[in-house]
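> What follows is a predicted protein model with its sequence.
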There are 2 protein chains.
Amino acid sequence: MRTLESYRNHLREIYKLSSAISLLEWDQETTLQDKGMKARGEAIGYLTRRAFDLKMAPELGEWIENLEQDPELSSEVAGSVRFHGMEYRRKRAIPPRLVEEHAVVRSQAQAVWAKARQTSDFKLFLPHLKKMVEFARRFADLYGFEDHPYDALLEEYEPGMTATRLISIMRPLQEDLCSLLRKLPLGEAAQDESLLKGSFCVEKQRQLSRIVLKTIGYDFEAGALHDVEHPFTVAIASGDVRVTNQYDEAYLPYGLYGALHEGGHALYHQGMPEELYELGLQEGSSGGIDEAQALIMENQLGRSLPFWRFFQPLLASVFGEFGEASPEEIYRAVNVVSPSLVRLEADELTYNLHIMLRVELEIGLIGGQIKPQELPDLWNEAMDRYLEVTPPSDKLGVLQDIHWAAGYYGYFPTYLLGTLYASQLAASMKRELTDIDESVEHGEICAFVDWLRRKVHRFGGVYEPDELILRATGEGLSANHFMRYITDKYSDIYGVAEGSEKGP
Amino acid sequence: MRTLESYRNHLREIYKLSSAISLLEWDQETTLQDKGMKARGEAIGYLTRRAFDLKMAPELGEWIENLEQDPELSSEVAGSVRFHGMEYRRKRAIPPRLVEEHAVVRSQAQAVWAKARQTSDFKLFLPHLKKMVEFARRFADLYGFEDHPYDALLEEYEPGMTATRLISIMRPLQEDLCSLLRKLPLGEAAQDESLLKGSFCVEKQRQLSRIVLKTIGYDFEAGALHDVEHPFTVAIASGDVRVTNQYDEAYLPYGLYGALHEGGHALYHQGMPEELYELGLQEGSSGGIDEAQALIMENQLGRSLPFWRFFQPLLASVFGEFGEASPEEIYRAVNVVSPSLVRLEADELTYNLHIMLRVELEIGLIGGQIKPQELPDLWNEAMDRYLEVTPPSDKLGVLQDIHWAAGYYGYFPTYLLGTLYASQLAASMKRELTDIDESVEHGEICAFVDWLRRKVHRFGGVYEPDELILRATGEGLSANHFMRYITDKYSDIYGVAEGSEKGP
């Protein structure tokens, strides 16, 4: 097995370089000051170039081809060969000249987008958007696809997903969610999040984040928690998975659910064995699966009544003013529904309507049915159709997200799929662990997390999402679990008759 | 100038790698937790190996040889060629097999030393010490020397220094310092550092460190301050020079002078232009010159009366209890002399007697006149001769420092030379800036620092120490400035008649 050893050593070398790059980038967000940025950029560029050369090395391609013929590989190695085979072929598909051109156009597009958003000037951004869409379409052609060019872009973030599957998932879901939303008596007494607003000392919020992270089993001996402007989680190496967070002094849920969300990502990466890091599988199964690990901790756990029955005293131990608040009050306060203009401020129910609107438009853009100049009108019409709100400006409408300026075409679906996977996993967990609500209520959060570790985390990127979900839940991806979960929860909170027309 | 461009590019590559390695190591001391150590060690090892290969590249040797013939190089490039020529030849002088053997023996020696120190068991350490001394002597032979094997080891830390020069500096200095020490009425009323002892909130000490660092002109936009166990300063890159510190809740000077000391190192590296980083000259002229930049801030500035006339209100702004203390009281308290057993606890006067004792023994060890087994007795005799104290155990005697276990032969002199350079620089500054005491008293610390920036910092490692000191002060290295400074200061504080017999 000379080939296998060479392959493993090569990936270990990439792992060491990637680990160094990750730390340099993490430090840039958390510690590095302005005057060190130039040298840091050059160091990161240098190491990235070396890692790129290793990932493109022809001998790697040969080892992958040989190993793909080998029926006796362990599931870990087979998963690694599948993933790196895909990566290798995708990297090779794009001529270096085009990669460079794209980087230049992308950098300009991001800069202009930031300015255009500030001044709400879509026309300023339009020529750059056109170029970025053209690049995405060219890349799709070069990657190759069977049915729809969007499929070629999806492969990077969600292997196995297609435009057709997405559309067939989204159509009924949009209808059901809108129908549920119309039923809720919004703006009535049930909606009171005033106890979460006020003035919450940031240092205490940090302390609360640490408590939350410990509660869900985040291992501080294998990571760290730092402040940043845009929170993220990074798996620097096996035994070094770091969480970042941001705090809003006036609004407690921001930092609290930030910690649960990032902590969920971190549990995923802390739960992968070292071998998967060495085999380059530490990124996990897909963007959607990774997001699901965050969302299940944030929503299915953190926005549940059992969680608050346990956690209310801990919250009160840091913020005394919650000593008198009942778990039910907090539960209602963290589950207020309110259709709004901005995705990042959306609640659990309306969030996916925001996402699906973007995915629809993106599929049309990449398929060529939608022209970039049509986006603002289409966006505003869809906002009215789904959420019955109308953006007063493109700044609060089509210009709000960086994704299209930064070339992340195919990324939005991972938010939706994360939601669906999270609900399906939670439903399966409840079937298997019938007393999980009682466990959570008694503070045995480990029961909740251990199930995820066993069914999802330990496999890292060994399986593609479809296979992982089938293994973990016994069935293929289905949106029914999310629809039932969200219907049950909000019907209860808002005291309306249950049942979406097409619920399971 | 093809050669020069190739040479510059090669050094820039080394710079990027070294910068990444420095950050990985800094993070290991400040942030990384236990479970991430293994992967981090492997990443550092991988990058270090790549940097080593670049430093040993035969083409680098050829470029250096060509450039050494070129009379028209800028002083920066000429300094770089000199330094890297020395490094290249030294690295090439030691066969790789010996480097590996040494690393193994060194690692064992350090582990055994730690245990031997704990149990005060010199015999346990002795066989390892013998091996380490033998290695140092073999290395000296391989590096080559004219007069004394110690000269070959000194070259790494203090180019241009020799055993003979050291001895001729130390003999009279030891005599003068001992003579001064005997004159001081120690243990009398003049000695009162009780106001610096008590209970000082660590968070406030951190705040004080930031104030001290800002006061001396440390640029927080080009660095950071973090807690560690063993404080150090690291120049990660141009624009990124980081300080670390440690605090003793019971003893204020520990963290306060730690900040001044590390801040002094940091000013040196922040004061070097970017080109010197790219030319690999950011380590500075020598260990002694680097130490001098720390000591001049810690002692000549931070333990002076003008400084305390300015800084006392700032100290009181953090620790209210100093509101009533006079600058004179604090000045006396931070300048208490007390002969002691342990180098790291020594005051400014006795510290260099500790150092010179080590240097004497080290020269004897490397020259072969002293056998490792004779060290404990020789150590204790010298302690009695210079400081009139007798170690009750080897733990508080010959086993207290890690240097001989870690193979740092030739490093101790940099502490002494740092002291001498600092005094000589300060004396020269006072001659040129006749009102520097008034400036400091009025809080214009920048006058003090700017002089150093102009005379020392901006040159980085362009010049060897002798040339740098000659350029900065107009004369060669002389111990007279230190002897005058220390005699004046302590005669004044302790109210005794001035003058050491051999003072200038």
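That came through, no problem.

> give me the low-pLDDT residue ranges for the stretch 301-450 of chain A?
Scanning the stretch 301-450 of chain A for pLDDT under 70 picks out nothing.

> Point out the residues in it that sit beside chain B.
Applying CB under 8 Å from any CB of the partner chain, one finds that the stretch 301-450 of chain A does not approach chain B at all. From N, CA and C alone the C-beta is placed, and that goes for glycine too.

> Please name the residues that touch the residue of the stretch 301-450 of chain A found nearest chain B.
Here the residue of the stretch 301-450 of chain A nearest chain B is residue A:449; by CB to the nearest CB that distance is 17.5 Å. Neighbour list for residue A:449: A:216-217, A:267 [criterion: CB atoms under 8 Å, 6 or more residues apart in numbering or on different chains].

> helix/strand/coil for it?
helix (DSSP: H, G, I helix; E, B strand; the rest coil).

> which residues touch the closest residue to residue A:157 other than its chain neighbours?
Closest residue to residue A:157 apart from its sequence neighbours, by CB to CB, 6 or more residues apart in numbering or on different chains: residue A:287 at 4.1 Å. For residue A:287, the contacting residues are A:157-158, A:411, A:414, A:417-418, by CB under 8 Å, 6+ apart.

> now residue A:337
Counting by CB under 8 Å, 6+ apart, residue A:337 makes contact with A:181, A:184, A:186, A:191, A:347-350, A:490, A:494.

> distance between the lengthiest helix in chain A and the chain's centre?
Secondary structure of chain A per DSSP state H: the longest helix is helix A:2-30. Put simply, helix A:2-30 sits 23 Å off its chain's centre (CA atoms, centre = their mean, to the nearest Å).

> Could you check that helix against chain B for contacts?
Yes - applying CB under 8 Å from any CB, one finds helix A:2-30 touching chain B at A:13, A:16-17, A:19-20, A:23-24, A:27.

> buried residues in that helix?
Buried positions in helix A:2-30, judged by neighbour count with 16 or more other CB atoms under 10 Å in any protein chain shown: A:4, A:7-8, A:10-12, A:14-30.

> the inter-axis angle of that helix versus helix B:2-30?
If you take axes from the mean of the first three to the mean of the last three CA atoms, to 10 degrees, helix A:2-30 sits at 80 degrees to helix B:2-30.

> Next to chain B in this structure, residues from the stretch 1-150 of chain A, please.
Residues of the stretch 1-150 of chain A lying near chain B (CB under 8 Å from any CB): A:13, A:16-17, A:19-20, A:23-24, A:27, A:31-40, A:42-43, A:46-47.

> Look up which helix or strand the most centrally placed residue in chain A falls in, please.
Taking CA atoms, centre = their mean, the centroid of chain A lies closest to residue A:291, which sits 3.4 Å from it. Residue A:291 is part of helix A:287-295 when elements are defined by DSSP states H and E.

> burial count for the residue in the stretch 351-500 of chain A that chain B sits nearest to?
For the stretch 351-500 of chain A, the residue closest to chain B is residue A:460, as judged by CB to the nearest CB, at 15.1 Å. A count of neighbours around residue A:460, defined by other CB atoms under 10 Å in any protein chain shown, yields 29.

> Per-residue pLDDT of it, please?
Looking at residue A:460, its pLDDT reads 98.

> sorry, back to before: and the two most separated of the residues of helix A:2-30 next to chain B?
A:13 and A:27 (22.0 Å; CB to CB).

> how many other residues sit next to the nearest residue to residue A:415 once chain neighbours are set aside?
Counting by CB to CB, 6+ apart, residue A:355 is the residue found nearest to residue A:415 once chain neighbours are left out, at 4.7 Å. Counted with other CB under 10 Å, the neighbours of residue A:355 add up to 21.

> Could you pull up the contacting residues of residue A:355?
Shown in contact with residue A:355 (CB under 8 Å, 6+ apart): A:343, A:412-413, A:415-416, A:419.

> wait, doesn't residue A:108 sit right on residue A:128?
Yes - with contact defined as CB atoms under 8 Å, residue A:108 reaches residue A:128; the gap is 6.2 Å.

> Looking at those two, which has the bigger crowd around it?
residue A:128 (21 against 15).

> Need phi/psi at the more buried one.
Backbone geometry at residue A:128, expressed as degrees, to the nearest 10, gives phi -70, psi -40.

> who touches it in this structure?
Residue A:128 neighbours (CB under 8 Å, 6+ apart): A:105, A:108-109, A:112-113, A:405.

> What's the local residue count around residue A:119?
Residue A:119 has 12 nearby residues by other CB under 10 Å.

> Leaving aside the residues adjacent along the chain, what's closest to it?
residue A:395 (7.9 Å).

> roughly how far out does the host helix or strand of the residue nearest to residue A:415 sit from the chain middle?
Taking DSSP H and E as the criterion, residue A:355 maps to helix A:351-367. A distance of 16 Å separates the centroid of the chain from that of helix A:351-367, by CA atoms, centre = their mean.

> Okay, buried residues for that helix please.
Those buried within helix A:351-367 under the rule 16+ other CB under 10 Å are A:351-366.

> go on, stretch A:411-419?
In stretch A:411-419, the ones that count as buried by 16+ other CB under 10 Å are A:411-419.

> just those residues now: which is nearest residue B:167?
The closest of the buried residues of stretch A:411-419 to residue B:167 turns out to be residue A:411 (CB to CB; 69.8 Å).

> The closest one reaches residue A:161, doesn't it?
No - using CB under 8 Å as the test, residue A:411 is too far from residue A:161 to be in contact (11.6 Å).

> what helix or strand is the residue in the stretch 251-400 of chain A that chain B sits nearest to on?
Closest residue of the stretch 251-400 of chain A to chain B, CB to the nearest CB: residue A:277 (7.4 Å). Using DSSP H and E, residue A:277 falls within helix A:274-278.

> Could you pull up the mean pLDDT of that helix?
The model assigns helix A:274-278 a mean pLDDT of 98.

> buried sites along that helix?
Those would be A:276-278, for helix A:274-278 by 16+ other CB under 10 Å.
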